[in-house]
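1. sequence first, predicted model second:
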Number of protein chains: 2
Amino acid sequence: MITVAIVEDQNIFREALVSYLGGQADISLRGDYADCSSAFIAFQKKVPEVIVLDLSFPGMSGLDFLFRLRNLMEQPKVLVLSGTIGKAQWEELSSMGIQGVLDKTSRLSILLSAIRTIHAGGVFFDSRVVGDMSKFNSYGENSGQALTRREKEVISLIARGLSAKEVAGELGTSHRTVEKHKDNACRKLDVKGVANLTRKAVELGLLT
Amino acid sequence: MITVAIVEDQNIFREALVSYLGGQADISLRGDYADCSSAFIAFQKKVPEVIVLDLSFPGMSGLDFLFRLRNLMEQPKVLVLSGTIGKAQWEELSSMGIQGVLDKTSRLSILLSAIRTIHAGGVFFDSRVVGDMSKFNSYGENSGQALTRREKEVISLIARGLSAKEVAGELGTSHRTVEKHKDNACRKLDVKGVANLTRKAVELGLLT
DNA sequence: TATAAATTACGTATTTGTACGTATTTTAAA
DNA sequence: TTTAAAATACGTACAAATACGTAATTTATA
């Protein structure tokens, strides 16, 4: 018998999942939660073996949630249900020690398999998600560098519509420096122009 | 007995919905489809009374789908399940004669109610979705003008990273004209700069 | 057809972005 | 502490964007 909890903000989806998983012989549902806070409170009393966690909702509070899970007495296995996740999310996810990632376009039977697999001690990473992640590692065999904190800060503000001068004022530095950071970020991301940079910033989850 | 079909690309969600709705005494499921094409082919033979349609997936083929539905012998009631929908989608939706819109964060019981309501001849518009839509009507009590087709075309290309010159080449017109369209669009949308324009274009669903 | 809306085009002046470069100081890691 | 990475700053030349303006032509539509 596998004890499972679901954390998913889309009520319709969550309740439908509950309805389905509740009918499985080897699964015992131990709660479903629409937000991380109420889930964590419940888990402090009783930790389920497997947590099905939707990380597609905004605010990336889900990552804080994963972090806090590591302080529980018992360590639950975590299966992340993702819609589309950005590079920023993925970087944090992969260092967070989760047991699986699944795309919502996967089959329901795959979800079941994944739950059983990770409960048995395995890992389950959906190829569509993991495959997409490879693009994050191929910014170029040449230029595959991660953005620095300052670069992220700068392009985040630029994507919000600020000019280089305004960003400089915001960060208390020179507009030439800002332009340099932006310049470097553009080369690392292999994009040109504010429009592409803006969409990239959104994609990377830098405007949350 | 209400005959219902589901069109939803997220397999896990769709199958979980099938599992749940299949257990309802007054609902008879007549098929579930992961894409509009296969759904339409099936509907040409037999039209369900109610179609639960997810419009949150890309390509906005869902709108073409709605349009084609109008050519069927019998007219099904349509309940749209939306994640977040942009202004462009909403404008087309509201002129498409659907019977209901529901947010995925609604409760499952609400979905049931909605299905029963529109089957009985009523309409069901979730306040969260409709409420959000009001923001689209308040681009300013002053400047609340709709974008023209050309303006949408121009800012869509600009948001994709093309310069005014490149857009001009693409559309076979002068770069001055392109700049003018962009200028006008910016005033209508009350934004400044490529970054803001790009995010607005994404928000409006112009980059699908 | 008459009228309004949309598309087209250009002028001009100023600001901002882009794409190279170099080089110093600060901060973090080995 | 030594070393590497990051952040800082500046030069220059050209391209592009921005913010005003006017106005002719085409296309819908009442």
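-> Received it, and whenever you're ready, just let me know what you need. The model shown is predicted, which means the values in this text are computed figures rather than measured ones.
2. which bits of chain A sit near DNA strand C?
-> Applying C-beta under 7 Å from any atom of the strand, we find that chain A lies next to DNA strand C at A:158, A:163-165, A:175, A:179-180, A:182-183, A:186, A:192-194. In this view, the C-beta of every residue, glycine as well, is placed from N, C-alpha and C.
3. got the buried residues for the helix or strand where A:Gly169 lies?
-> Using DSSP states H and E, A:Gly169 maps to helix A:164-171. Residues A:164, A:167-168, A:171 are the ones in helix A:164-171 that count as buried (16 or more other C-beta atoms under 10 Å in any protein chain shown).
4. nearest to B:Ser38 among these?
-> Within these, the smallest distance to B:Ser38 is 48.8 Å, found for A:Val167 (C-beta to C-beta).
5. I'd like to know how far the closest one sits from B:Thr3.
-> Relative to B:Thr3, A:Val167 is positioned 57 Å away (C-beta to C-beta, to the nearest Å).
6. quick one on the thing from earlier: can you redo the buried residues of helix A:164-171 as TSV with distance to DNA strand D?
-> Output for the buried residues of helix A:164-171, formatted as TSV (distance: C-beta to the nearest atom of the strand, whole Å):
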residue	distance to DNA strand D
A:Ala164	11
A:Val167	10
A:Ala168	7
A:Leu171	6
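7. of these, which is the nearest to A:Arg150?
-> Nearest member of these to A:Arg150, counting by C-beta to C-beta, is A:Leu171, at 8.1 Å.
8. quick check: buried residues in stretch A:146-159?
-> Applying 16+ other C-beta under 10 Å to stretch A:146-159 flags A:147, A:150-159 as buried.
9. now find how far off-centre stretch A:28-37 is within its chain.
-> Centroid displacement of stretch A:28-37 relative to its chain, using C-alpha atoms, centre = their mean, to the nearest Å, is 18 Å.
10. give me the neighbour count for A:Thr105.
-> Neighbours of A:Thr105 under the rule other C-beta atoms under 10 Å in any protein chain shown: 19.
11. ok, now which ones touch it?
-> A:128, B:9-12 (C-beta atoms under 8 Å, 6 or more residues apart in numbering or on different chains).
12. distance check, it against DNA strand D.
-> Going from A:Thr105 to DNA strand D by C-beta to the nearest atom of the strand, to the nearest Å gives 35 Å.
13. measure that residue to B:Val18 for me?
-> From A:Thr105 across to B:Val18, the span is 15 Å (C-beta to C-beta).
14. equivalent analysis for A:Ser109, please.
-> Counting by C-beta to C-beta, the separation of A:Ser109 from B:Val18 is 12 Å.
15. which of the two has more residues huddled nearby?
-> B:Val18 (19 against 11).
16. could you pull up the mean pLDDT of the helix or strand harbouring that one?
-> Assessed by DSSP H and E, B:Val18 sits inside helix B:11-21. Computed over helix B:11-21, the mean pLDDT rounds to 90.
17. name the helices or strands packed onto that helix?
-> Where contact means 3 or more C-beta pairs under 8 Å, 6 or more residues apart in numbering or on different chains; DSSP states H and E, helix B:11-21 is packed against helix A:11-21, helix A:108-119, strand B:2-7, strand B:27-33.
18. in the last one, what's buried?
-> By neighbour count with 16+ other C-beta under 10 Å, strand B:27-33 contains the buried residues B:27, B:29-33.
19. let me see the contact set for the residue nearest to A:Ala185 when sequence neighbours are not counted.
-> Once flanking residues are discounted, A:Ala185 sits nearest to A:Glu151: 4.3 Å by C-beta to C-beta, 6 or more residues apart in numbering or on different chains. Residues counted as contacts of A:Glu151 (C-beta under 8 Å, 6+ apart) are A:181-182, A:184-185, A:188.
20. returning to that earlier point: buried ones from the contacts of A:Thr105, can you make that a ChimeraX selection?
-> Selection of the buried residues among the contacts of A:Thr105 in ChimeraX, burial being defined by 16+ other C-beta under 10 Å:
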select /B:9,10,11,12
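21. looking at the contacts of A:Thr105, spot the one nearest DNA strand D.
-> Closest to DNA strand D out of these is A:Arg128 (30.4 Å), distances taken as C-beta to the nearest atom of the strand.
22. now tabulate the buried residues of strand B:27-33 in a markdown table and tack on pLDDT.
-> Compiled in a markdown table, those are given as follows (pLDDT from 0 to 100):
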| residue | pLDDT |
| --- | --- |
| B:Ile27 | 94 |
| B:Leu29 | 93 |
| B:Arg30 | 91 |
| B:Gly31 | 91 |
| B:Asp32 | 94 |
| B:Tyr33 | 91 |
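23. and those residues, which is closest to chain A?
-> B:Asp32 (11.1 Å; C-beta to the nearest C-beta).
24. hmm, B:Glu8 and that closest one touching each other?
-> Yes: counting by C-beta atoms under 8 Å, B:Asp32 does reach B:Glu8; the two are 7.2 Å apart.
25. which residue is it, in chain A, that comes closest to DNA strand D?
-> Counting by C-beta to the nearest atom of the strand, chain A gets nearest DNA strand D through A:Thr148, at 2.7 Å.
26. which residues sit in contact with that residue?
-> Applying C-beta under 8 Å, 6+ apart, no residues contact A:Thr148.
27. what's the spacing between it and chain B?
-> Separation of A:Thr148 from chain B (C-beta to the nearest C-beta, to the nearest Å) stands at 20 Å.
28. same question, A:Ile115
-> Separation of A:Ile115 from chain B (C-beta to the nearest C-beta): 12 Å.
29. again with A:Gly100
-> For A:Gly100 relative to chain B (C-beta to the nearest C-beta), the value is 13 Å.
30. likewise A:Asp32?
-> Distance from A:Asp32 to chain B, by C-beta to the nearest C-beta: 11 Å.
31. with A:Leu207 instead?
-> Here the criterion is C-beta to the nearest C-beta. By it, A:Leu207 lies 8 Å from chain B.
32. can you classify that residue by secondary structure?
-> Under DSSP: H, G, I helix; E, B strand; the rest coil, the three-state class of A:Leu207 is coil.
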